[in-house]
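Participant: fold the following.
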Amino acid sequence: MHQQARLFIAGAGGLGSPVAMYLTAAGIGTMRIVDYDRVELGNLLQTPSEIIGILTLLLISSRLDQIASDFYSVSYLSRF
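Facilitator: Coordinates of the predicted model:
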């Protein structure tokens, strides 16, 4: 049932990323994620220096793939 669900997430930052991870773990089938930002030092309290400057979409995509590689996500590099 969850695998047929489709959803849209506006933003892959401090709120959108954990929401996407929880929903992926719950078995949501298809996700569309829109974000335009890069990780900046001020975004997180303990930002590892190696991820500063990376697009948030790339980070969340790799994390979601680690949680469940059998789901389908489409990421859009765009402002909402």
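Participant: contacts, neighbours, all on C-alpha from now
Facilitator: Fine.
Participant: ok, Asp37 touching Leu55?
Facilitator: Yes: between Asp37 and Leu55 there is a contact under C-alpha atoms under 8 Å: 6.0 Å.
Participant: point to the residue nearest the middle of this protein.
Facilitator: The residue lying closest to the centre of the chain (C-alpha atoms, centre = their mean) is Ile60, at 3.4 Å.
Participant: how many neighbouring residues does the closest residue to that one other than its chain neighbours have?
Facilitator: Leaving aside its sequence neighbours, Ile60 sits nearest to Ser17 (C-alpha to C-alpha, 6 or more residues apart in numbering; 6.2 Å). Close neighbours of Ser17, defined as other C-alpha atoms under 10 Å, add up to 22.
Participant: try Ser75
Facilitator: Using other C-alpha under 10 Å, Ser75 has 17 neighbouring residues.
Participant: state the distance from it to Ser49.
Facilitator: Noted for Ser75: a distance of 24 Å to Ser49, by C-alpha to C-alpha, to the nearest Å.
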